Structure formats: C-alpha cells, structure tokens
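Visitor: A structural model of the following input is requested.
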Amino acid sequence: MNILTFTTRFGQDASVRYTPNGKAITTVRCPVEAGWGENKHTSWVTAVIFGERGEKLAPHILKAGKATISGEFKAREYESNGETRMSLEVLVREIELQGEPRQSGSPQGYEPANTGSGQQSAPADDLDDPDDLPF
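Guide: Predicted coordinates:
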C-alpha cells in the first residue's frame, strides 16, 4: 500500500456530498509543493474523507487552514471534453488540523484537532519556506 503524508494549507473550504445510500463524502483541494528554487512546483491533491468523521470535520476545514494529512495515495483517470485527465487523491486515514486559519472572517478560536492516532501534537512553526529558516 502507498501512503502519502503532507502538511498543507487548504485551497478551499471543505465540501460534503452524499451517495444515494446517504453516506457522506467530504472533499477538499490541497496544494502540495515539491522541489526548491526554480524547480519548485505545486501539485493539487483532493483529500477525501468518508462517513461521519468527514461530516463532523467539514465545518473546521476552512480555506487557508493548515493541516497534516496522511492516507492512501491514488491517481484517478477521467474523461473531460474528449480528453483523458488525471486527478490526484488521498483517501484520508489521519488528519490533524493545526492553528488558526489565515483567512479573514473565519471563526475565531480555531483549535487544533486530531482525528487520527489519538495523539495531539503541538502546532508546527510557520517555517514552511526554506528562505525563512534561521540558519
């Protein structure tokens, strides 16, 4: 099995839709950066959370909110306007929301939450950019 773990800021608020059986499917688009300098690029991954857990988390998954996500990585092909396209997805096993979202107008008091292994870690420092490192 392949597992992808990454830290990201959500590219949008989470959306919840339902299967004909009434099962919730929560999705959110996440940018994932790789490389350095001129070779740095961003890929967009759709995080997918099934069931009640996704429904409960959806109000807390807000644009620009930070999280660490871990789950099964999957590339899905689909057809759009006669072209074959690729969608990158991660079927979420663990998600840890971190700190306050940066979007203005978001609810205050956004608390870190952990829905994975039961351990809650301290919020990560905002040293995502290698140019901001103090050494």
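
Visitor: Secondary structure element for residue 54, which one?
Guide: Taking DSSP states H and E as the definition, residue 54 sits inside helix 52-57.

Visitor: Sheet partners, orientation included, of the helix or strand just after that helix?
Guide: Downstream of helix 52-57, the first helix or strand assigned by DSSP H and E is strand 66-80. Based on DSSP bridges, the pairing partners of strand 66-80 within the sheet are strand 3-9 (antiparallel), strand 83-98 (antiparallel).

Visitor: Make JSON lines out of these and add distance to residue 42 and mean pLDDT.
Guide: Where you see a C-beta, it was placed from the backbone N, CA and C, and this is true even at glycine. What follows is those, written out as JSON lines (distance: least, Cβ to Cβ, whole Å; pLDDT from 0 to 100):
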{"stretch": "strand 3-9", "distance to residue 42": "10", "mean pLDDT": "94"}
{"stretch": "strand 83-98", "distance to residue 42": "12", "mean pLDDT": "94"}
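
Visitor: In TSV: these, plus distance to residue 32.
Guide: Conversion of the strands paired with strand 66-80 to TSV gives the following (distance: least, Cβ to Cβ, whole Å):
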stretch	distance to residue 32
strand 3-9	5
strand 83-98	8
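
Visitor: With distance to residue 40 and mean neighbour count added, can I get those strands in TSV?
Guide: Listed next are the strands paired with strand 66-80 as TSV, based on distance: least, Cβ to Cβ, whole Å; neighbours: other Cβ atoms under 10 Å:
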stretch	distance to residue 40	mean neighbour count
strand 3-9	15	16
strand 83-98	17	16
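
Visitor: can you tell which of those strands is closest to residue 41?
Guide: strand 83-98 (13.0 Å; Cβ to Cβ).

Visitor: Alpha carbons only: can I get that closest one in PDB?
Guide: Coordinates of each C-alpha in strand 83-98 appear next as PDB, following Å, rounded to 0.1, in the frame of the first residue of the first chain:
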ATOM      1  CA  GLU A  83      -9.600  14.400 -23.200                       C
ATOM      2  CA  THR A  84      -8.200  11.900 -20.700                       C
ATOM      3  CA  ARG A  85      -7.300  13.700 -17.500                       C
ATOM      4  CA  MET A  86      -5.700  12.700 -14.200                       C
ATOM      5  CA  SER A  87      -6.900  13.600 -10.700                       C
ATOM      6  CA  LEU A  88      -4.600  13.100  -7.700                       C
ATOM      7  CA  GLU A  89      -6.400  12.000  -4.500                       C
ATOM      8  CA  VAL A  90      -5.600  10.900  -1.000                       C
ATOM      9  CA  LEU A  91      -8.100   8.700   0.900                       C
ATOM     10  CA  VAL A  92      -7.600  10.200   4.400                       C
ATOM     11  CA  ARG A  93      -6.700   8.000   7.200                       C
ATOM     12  CA  GLU A  94      -5.500  10.700   9.600                       C
ATOM     13  CA  ILE A  95      -5.900  14.400   9.600                       C
ATOM     14  CA  GLU A  96      -4.600  16.900  12.100                       C
ATOM     15  CA  LEU A  97      -5.800  20.400  11.900                       C
ATOM     16  CA  GLN A  98      -3.300  23.000  13.100                       C
END
